[in-house]
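*Asks:* no FASTA, just this:
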Ligand code: SF4
């Protein structure tokens, strides 16, 4: 752990916990490496079938300008990634990944990091159909995805020396990426 500041060393237990829960890639990162860009929102609006269908997606999720301000209020975060997910396992792993994120968020919060907040991946499938005319029925587990808030997930992952490549077909293996803002 050479080169890791003492305060980060205290947070390394969340890395170990994430790994124990089944997320192989986990690391404490500087929030300056988290990139937020307006073009991400554009891709949600024109090109994603989830637009306007889920409370965790645009136009309901935080806009990039707002998210930039939110992230500037944090210094450290926990970056999480599960790689090489086969298409037939996507749904199962999506649910598991989201639940681990809120579990870790809660643990970090209860440790005294009162600002802890988790962001996940993809649209929310906890309900058969998301009723966007009402409030979320599972606020304990539903979190917006990183990309839904305007985060450039590719650049953020690469800034932290991990790999994330474009998924070229529905038969290809994919990755899930999440972020828990800590303090
Ligand atoms: S938990 Fe249900 S209501 Fe809440 S965002 Fe997800 S699908 Fe929508």
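*Replies:* Alright, I've got the coordinates. What you see is a predicted model; the values in this text were computed from it and never measured. Numbers count the residues shown, from 1 in each chain.
*Asks:* Quick check: which ranges of the chain have low pLDDT?
*Replies:* Scanning the chain for pLDDT under 70 picks out 1-7.
*Asks:* what residues does it put near the ligand?
*Replies:* For the chain, the residues in contact with the ligand (CB under 6 Å from any ligand atom) are 54-56, 124, 126-127, 130, 136-138, 142. Placement of C-beta: from N, CA and C, glycine included.
*Asks:* the strands in the protein, which residues?
*Replies:* 25-30, 76-85, 117-119, 174-181 (DSSP state E).
*Asks:* Reformat the ones you listed into TSV and put mean neighbour count next to each item.
*Replies:* Shown next, in TSV, are those (neighbours: other CB atoms under 10 Å):
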stretch	mean neighbour count
strand 25-30	19
strand 76-85	21
strand 117-119	23
strand 174-181	24
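*Asks:* May I see those organised as JSON lines, with distance to residue 104 added?
*Replies:* Formatted as JSON lines, the strands of the chain follow (distance: least, CB to CB, whole Å):
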{"stretch": "strand 25-30", "distance to residue 104": "9"}
{"stretch": "strand 76-85", "distance to residue 104": "7"}
{"stretch": "strand 117-119", "distance to residue 104": "7"}
{"stretch": "strand 174-181", "distance to residue 104": "6"}
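*Asks:* For residue 150, which of those strands is the nearest?
*Replies:* strand 117-119 (10.8 Å; CB to CB).
*Asks:* List the neighbouring strands of the closest one plus their orientation.
*Replies:* Sheet pairing for strand 117-119, assigned by DSSP bridges, gives strand 174-181 (antiparallel).
*Asks:* Just want the angle from the strand it pairs with to strand 25-30.
*Replies:* For strand 174-181 against strand 25-30, the angle by axes from the mean of the first three to the mean of the last three CA atoms, to 10 degrees is 40 degrees.
*Asks:* So which elements touch the helix of greatest length in the chain?
*Replies:* The longest helix of the chain (DSSP state H) is helix 90-110. Using 3 or more CB pairs under 8 Å, 6 or more residues apart in numbering; DSSP states H and E, the elements in contact with helix 90-110 are helix 6-21, strand 76-85, strand 117-119, strand 174-181.
*Asks:* who's in contact with the residue lying closest to residue 59 once chain neighbours are set aside?
*Replies:* Take residue 59 and drop its neighbours on the chain: the residue closest to it by CB to CB, 6 or more residues apart in numbering is residue 52, 6.3 Å away. Residue 52 makes contacts with 58-59, 132, as judged by CB atoms under 8 Å, 6 or more residues apart in numbering.
*Asks:* Buried members of these into ChimeraX, please.
*Replies:* Listed next is the ChimeraX selection for buried residues among these, using 16 or more other CB atoms under 10 Å:
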select :58
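*Asks:* how deep is residue 159 tucked in, by neighbour count?
*Replies:* Number of residues near residue 159 (other CB atoms under 10 Å) recorded here: 16.
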